[in-house]
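**Q** Pasted the sequence and its predicted model underneath.
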2 protein chains.
Amino acid sequence: MPEAATSLRTRVGVADLADIGRGAAVLGTGGGGDPHIGGLLAGAAMRAHGPVDLAPLEDLPDDAVVLPVAMMGAPTVMVEKLPSADQVGRAIRVLTDHLGLEVTHLACIEAGGVNSLIPFVGAAELGLPLLDADGMGRAFPELQMVLPTVYGIRGTPMSIVDEKGNSGVLDTVDNRWAERFARSVTIDMGCSAMISNYWMTGAQARRALVPGTLSLAARIGRTLTAARTSGDPAGAVADLLGGTVLFTGKVTDVARRTTTGFARGEARLDGTGTDAGSELLLEFQNEFLVAVRDGRTVSTVPDLICALDTQTGEAVRTEGLRFGHRITVLAAPCDERWHSPAGLALAGPRVFGYESDPVRATPHDVPTPTEAHP
Amino acid sequence: MPEAATSLRTRVGVADLADIGRGAAVLGTGGGGDPHIGGLLAGAAMRAHGPVDLAPLEDLPDDAVVLPVAMMGAPTVMVEKLPSADQVGRAIRVLTDHLGLEVTHLACIEAGGVNSLIPFVGAAELGLPLLDADGMGRAFPELQMVLPTVYGIRGTPMSIVDEKGNSGVLDTVDNRWAERFARSVTIDMGCSAMISNYWMTGAQARRALVPGTLSLAARIGRTLTAARTSGDPAGAVADLLGGTVLFTGKVTDVARRTTTGFARGEARLDGTGTDAGSELLLEFQNEFLVAVRDGRTVSTVPDLICALDTQTGEAVRTEGLRFGHRITVLAAPCDERWHSPAGLALAGPRVFGYESDPVRATPHDVPTPTEAHP
């Protein structure tokens, strides 16, 4: 696993998957699926077919044919209804057969415990390289919320397949319609499905994707392991991502409902340590969208809001939140293109129904004891 | 328009559409769409591209490639949201492009005011013959409820397109799954969509389809016109179909709700004339499913329950039922294959939630004044 996108070692084996999965789960900002499930699937595929070559985004030839593959659905369901082993290959095949495409590279459409590892399954099975990149630099709940949409790349034709053998190919006038139809079919498929979409050329991928995501995930994974002994894994990850620790506390309440195909809800945390006496509210739709401290919004999408187990540093996903859990919440900057007008129109806080401009989580957004009690 | 399937004259022009549409609306048993809309679309296509040749089912060569095309959705919506002119051709093209099929004949999947005429649009545009046949001999609300399902013919791959330019191709493990996904996508498309599915060979079509449906529809249409002067068009149609008049009365109540993509509800009629003092309850899901006279079930699916305007004989569709409407309800035998175990398992009364064996509407099911008041 490379230390950076420029590293020489670009072959990923079974032993590398745990770090990538744990790191990707942090970038998944509460969504993107369970790295344990992603790791089981990718590990089985690699044991059967061998390791996977990571391809740096910047070296991609213009005429490369890049195909992302991902799971779609409610994370609350994805932890109970596992994908079948052949679903990844079928999602790819249904689309490539329909289009007559010869794919040269697979890609991740988002960062997340499942969606950063699922493409390894396809890459191992098909003997294709996987791009060290993704379409968001984080996870978002809806299909059109990817940087390729900002660049005018079509999300369809897309394939969608379930574990029973059903499949569909959708071709829509824009990427929001693709989300709408695919969400309904995903719900009918049992709230989780495998999809392949946003096929693009190498030239498009170099412009529209976020470089180095899988390398970064691996570094986050290693940082978490190393920082356990120091006792502050969340702080170490915040430093690595150029972010900041927002809050440390204990979950006192979780309201969660799986509606319209999403895991929606909110969690409340009572502060501990230097945050004692304060409360943090986290609102989510598959991913954490907004963090509100004592009534003041301290971080919003499109920046990353990540919840980590305070002791182990493992990412806590929205479907895993539970009463009593001791959590450290950090905020980290997203890919800067999400703060462009087109990026905010696609995944800014107003898109999710919040009457708020985006709040960037920088250290001054976190009240120090001096500021809070002058 | 042929007098029967064996007639020599097998070319259908604009002037024939009204009779076919009015007759098909009777066979549509309250569903199948508005013949006025079907006639507008088919007439425009014929004026642009010329008349359409009807092909008798029994002459079809084994290796013919038969493709049905139809509208799917809630009739309550279809009368307000009209299909676009190019939707029929796109539904066919999306599927034939996907399959690489060379179609030789188009077909109707059901009898109904829209779904008996929509295939004329495609046949005129593509210069293909249309089979004088359909997949039910009536209309049913769900996609899998066709005789081809009884014969093991797959309802997918199927295409589904809307008027905005969106399309999909579904490929499912059985025809019930096709109904499920297509219904969800239809709802997202605005509760009406154009579909093409159940492609089959000539040999399959000869076994699985109902012969002579369009000829029969034309004869019903002409019978209605002729019988207006006699004052008993419903009786004349009942005679033509080998059925019976169940009830004559006035609509006193209609409960209608467009839910899960269907027009569902029930209508109550107070009897007039020889039926004075009795009440008829008609329950429907797009089509009339059950007729209950004074608490006794007098006719059920799969037999045809048809509501006709008492004076004009025009078919009254479930979405057009209204207070005060004077209606004559008749029952007529369906294609006998619907009464086989496989047919009843697909579209018998229990499938729609009724705890009743099928009730065939024969004259003795209609109480005479003597029986009713001994």
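**A** Right, received. Where do you want to start? Residues are numbered from 1 along each chain as shown, chains lettered A, B, ... in the order given.

**Q** Identify the residue of chain A closest to chain B, quick one.
**A** Nearest residue of chain A to chain B (C-beta to the nearest C-beta) works out as A:Ser184 at 3.9 Å. (C-beta placed from N, C-alpha, C; glycine too.)

**Q** Is that residue in a helix, a strand, or coil?
**A** helix (DSSP: H, G, I helix; E, B strand; the rest coil).

**Q** Could you report the neighbour count for A:Gly190?
**A** 15 (other C-beta atoms under 10 Å in any protein chain shown).

**Q** backbone phi and psi for the closest residue to it other than its chain neighbours, please?
**A** Once flanking residues are discounted, A:Gly190 sits nearest to A:Lys81: 5.7 Å by C-beta to C-beta, 6 or more residues apart in numbering or on different chains. A:Lys81 has phi and psi values of phi -110, psi 100 when expressed as degrees, to the nearest 10.

**Q** who are the neighbours in contact with A:Lys81?
**A** The neighbours of A:Lys81, taking C-beta atoms under 8 Å, 6 or more residues apart in numbering or on different chains as the test, are A:163, A:190-192.

**Q** Run through the residues of the stretch 51-200 of chain A sitting next to chain B.
**A** Neighbours of chain B within the stretch 51-200 of chain A, by C-beta under 8 Å from any C-beta of the partner chain: A:94, A:98, A:164-173, A:177, A:180-181, A:184-185, A:187-188.

**Q** how about a cut-off of 6 Å?
**A** A:164-173, A:177, A:180-181, A:184-185, A:188 (C-beta under 6 Å from any C-beta of the partner chain).

**Q** Now, of those, which are buried?
**A** The neighbour-count test (16 or more other C-beta atoms under 10 Å in any protein chain shown) marks A:166-172, A:177, A:180-181, A:184-185, A:188 as buried among those.

**Q** Which of the residues you listed fall in strands?
**A** Counted as lying in strands by DSSP state E, out of those, are A:167-171.

**Q** sorry, back to before: among the contacts of A:Lys81, which two are most distant?
**A** Of all pairs drawn from these, the widest gap by C-beta to C-beta lies between A:Glu163 and A:Cys191 and measures 12.0 Å.

**Q** ok, those two, which is more surrounded?
**A** Neighbour count, other C-beta under 10 Å: between A:Glu163 and A:Cys191, A:Cys191 has more, with 21 against 18.

**Q** Following the chain past the longest strand along chain A, name the next helix or strand.
**A** Criterion DSSP E: the longest strand present in chain A is strand A:244-259. Next in sequence after strand A:244-259, counting helices and strands by DSSP states H and E, comes strand A:262-271.

**Q** May I have that next one as CSV, with CA atoms only?
**A** The C-alpha trace of strand A:262-271 is given here as CSV (Å, rounded to 0.1, in the frame of the first residue of the first chain):
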residue,chain,number,x,y,z
PHE,A,262,-32.3,6.2,3.9
ALA,A,263,-31.2,5.9,7.5
ARG,A,264,-32.3,9.3,8.8
GLY,A,265,-32.2,10.7,12.3
GLU,A,266,-30.2,12.5,14.9
ALA,A,267,-28.0,11.8,17.9
ARG,A,268,-27.4,13.9,21.1
LEU,A,269,-24.1,13.8,23.0
ASP,A,270,-23.4,15.1,26.5
GLY,A,271,-19.9,16.6,26.7
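
**Q** contacts for it?
**A** Residues outside strand A:262-271 that contact it (C-beta atoms under 6 Å, 6 or more residues apart in numbering or on different chains): A:74-76, A:141, A:249-257, A:278, A:280-283, A:285-286, A:318-319, A:321.

**Q** Okay, now the sheet partners of it, with direction.
**A** strand A:244-259 (antiparallel), strand A:279-285 (antiparallel) (DSSP bridges).

**Q** Now render these as JSON lines, adding distance to B:Thr310, mean pLDDT and mean neighbour count.
**A** Shown next, in JSON lines, are these (distance: least, C-beta to C-beta, whole Å; pLDDT from 0 to 100; neighbours: other C-beta atoms under 10 Å in any protein chain shown):
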{"stretch": "strand A:244-259", "distance to B:Thr310": "47", "mean pLDDT": "93", "mean neighbour count": "18"}
{"stretch": "strand A:279-285", "distance to B:Thr310": "55", "mean pLDDT": "96", "mean neighbour count": "22"}
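
**Q** So the nearest residue to A:Val79 once chain neighbours are set aside versus A:Arg47, what's the distance?
**A** Counting by C-beta to C-beta, 6+ apart, A:Asp34 is the residue found nearest to A:Val79 once chain neighbours are left out, at 5.4 Å. Using C-beta to C-beta, to the nearest Å, A:Asp34 is found at 20 Å from A:Arg47.

**Q** Equivalent analysis for A:Pro148, please.
**A** Separation of A:Pro148 from A:Arg47 (C-beta to C-beta) stands at 32 Å.

**Q** Could you check which of these two is surrounded by more residues?
**A** A:Pro148 (26 against 11).

**Q** Against which helices or strands is the helix or strand where the more buried one lies packed?
**A** A:Pro148 is part of helix A:147-150, with elements assigned from DSSP H and E. The contact analysis (3 or more C-beta pairs under 6 Å, 6 or more residues apart in numbering or on different chains; DSSP states H and E) places helix A:147-150 against helix A:341-347.
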